[in-house]
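In: no FASTA, just this:
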């Protein structure tokens, strides 16, 4: 039996595969397709202090090998998520990770404090890199000092491990990773989407109502791999890697680059069964390339 | 709602840029209701395409879809040949509600590629003894389709924007006070639905909406519509695509 288990701060993952935040809602819809207990963990959709309605439509547009989205953090607010969504996910044998977002440091702190009292939530993903909201989000994710500050505050406000989600929309990803490491982050998740735009020829207008959106899907995988490689060389935090994963081979590539676990986003839209299929395929893929466990493959890319 | 493989058994072009296909399977065809849609994957395209169900033959295990070639994805689907397998999720969404005890006459109003889902609905209603009148709007004569099929259901008026076929103008120009109906059902471009729901604001009706979709199953919140009550946004793929006309803000 191939050992797929991964132990990370706060998380005992039966396998390294989980849905990326925002691509899976709170799991209900996909539970109609398969048993969510098959998953290593579930990263919930972002929670803010109060309900957010999000951006006008259209909110998505297809691109070559990917898509743009600008949902705008639509969510019912942290209280409703704790009351209605967390209990649903808690029925399953999988780890729950809460994604925390906000416009201000106070809002991040308030959301973290509330989730801290929910024992079913095992860790936080700190969303400092959403490119699609006007205030907050991305500024925290592109300025190392602000990233450090918000991480420090959230760490102080709670006892749960904090994974900081890094934005690729920076010139120096290592500086961002080091800043949140100094602030006490327990891990990193990377990468969020890349800011992009697509113009519709007949109307000469951007296809996305928000004008810009976050690019995801297969198109961004090489960027994610490069950034994980760069961060792994200089930062000791565990990394949950994401960006364009569609197959078990892609998972292995992320592990080799230095990720400890992975998240699948856009691929769920094309194939709602993609995660169970990847989990089923992973042992064979690891074996094919000479690995005896997931752990055995982490960081094993050869760069000399 | 399941992910299934459907077999393409028939395909033809029935109007300008408009393709009719019949797909076969054992699951979707047995439960699909008028107004629901299938969500098809195309090789080398990231997002699936939502296509409304135009007709279902449960005995033959076949459903009919119609779609318009708008871009590269729909063009690649139009090139599929009978015998090929289509990767589908379905049936998705909620269909057109109807209570045949509480209605005698209905009006169907379709615009362009919004016409197809009304056909399966009209067939069902007619089979239950409801009187069906249809107004079908198209841009121009070359784009007219299914006139004969709707004629079989009841009185049918075709209208074109440029007057090249049938009446000239918009579907809303045709509806006068002389039309007598208990309920209306409509699907078409947002501009048409906006004009129609405003004109028929005193009538009860249901409209089917379209939007660019992400997951297509209610998880990603890409395809939302504003509502008039306190619920905020509703998800078109999951809560719709059919909504009471008075509930949504277009």
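Out: Noted; the coordinates are in hand. Note that the structure is a prediction, hence the values are computed from the model and not measured.
In: list the contacts of the longest strand anywhere in chain B.
Out: Longest strand of chain B, by residue count under DSSP state E: strand B:2-15. If you take Cβ atoms under 8 Å, 6 or more residues apart in numbering or on different chains as the criterion, strand B:2-15 is touched by A:33, A:271-273, B:19-25, B:27-28, B:38, B:62-63, B:66, B:78, B:80-90, B:142-146. C-beta: built from backbone N, CA, C; applies to glycine.
In: in chain A, what residue lies closest to chain B?
Out: Here the residue of chain A nearest chain B is residue A:25; by Cβ to the nearest Cβ that distance is 3.7 Å.
In: next, that residue: secondary structure please.
Out: Under DSSP: H, G, I helix; E, B strand; the rest coil, residue A:25 falls in the coil class.
In: returning to that earlier point: pull out the buried residues from the contacts of strand B:2-15.
Out: A:33, A:271-272, B:19-25, B:27-28, B:38, B:62-63, B:66, B:78, B:80, B:86-90, B:143-146 (16 or more other Cβ atoms under 10 Å in any protein chain shown).
In: so of the residues you listed, which ones are in helices?
Out: Among these, DSSP state H puts B:28, B:78 in helices.
In: thinking again about what came up before, among the contacts of strand B:2-15, which are in strands?
Out: B:19-24, B:38, B:62-63, B:66, B:85-90.
In: ok, back up a step: got a list of what the residue of chain A closest to chain B touches?
Out: With Cβ under 8 Å, 6+ apart, residue A:25 has these contacts: A:45, B:218, B:219, B:220, B:221.
In: can I get those in CSV with distance to residue A:76 and neighbour count?
Out: Shown next, in CSV, are the contacts of residue A:25 (distance: Cβ to Cβ, whole Å; neighbours: other Cβ atoms under 10 Å in any protein chain shown):
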residue, distance to residue A:76, neighbour count
A:45, 9, 27
B:218, 14, 20
B:219, 14, 25
B:220, 15, 28
B:221, 11, 26
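In: near chain B, which residues of chain A?
Out: A:22-25, A:28-30, A:32-33, A:45, A:51, A:53-54, A:57-63, A:65-67, A:69, A:71, A:74, A:207, A:217-218, A:266, A:268-273 (Cβ under 8 Å from any Cβ of the partner chain).
In: out of the residues you listed, which are buried?
Out: For the residues of chain A next to chain B, buried by 16+ other Cβ under 10 Å: A:22-25, A:28-30, A:33, A:45, A:54, A:57-63, A:65-67, A:69, A:71, A:74, A:207, A:217-218, A:266, A:268-272.
In: and what about the residue of chain B found nearest chain A, helix, strand or coil?
Out: Closest to chain A within chain B is residue B:219: 3.7 Å, counting by Cβ to the nearest Cβ. Of the three states, residue B:219 takes coil according to three-state DSSP.
In: show the contacting residues for the residue nearest the centre of chain B.
Out: Closest residue to the average C-alpha location of chain B: residue B:117 at 2.9 Å, with Cα atoms, centre = their mean. Counting by Cβ under 8 Å, 6+ apart, residue B:117 makes contact with B:34, B:35, B:37, B:52, B:53, B:54, B:96, B:187, B:208.
In: same question for residue A:110.
Out: Contacts of residue A:110 by Cβ under 8 Å, 6+ apart are A:49, A:78, A:102.
In: looking at the buried ones among the residues of chain A next to chain B, which are in strands?
Out: A:60, A:61, A:62, A:63, A:66, A:67, A:69.
In: give me the subset of the ones in strands among the contacts of strand B:2-15 touching chain A.
Out: residue B:89.
In: that older thread, dump the contacts of residue A:110 to TSV, plus pLDDT, distance to residue A:171 and neighbour count.
Out: Output for these, formatted as TSV (pLDDT from 0 to 100; distance: Cβ to Cβ, whole Å; neighbours: other Cβ atoms under 10 Å in any protein chain shown):
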residue	pLDDT	distance to residue A:171	neighbour count
A:49	95	31	20
A:78	97	33	26
A:102	90	25	28
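In: out of those residues, list just those in strands.
Out: Per DSSP E, the subset of the contacts of residue A:110 in strands is empty.
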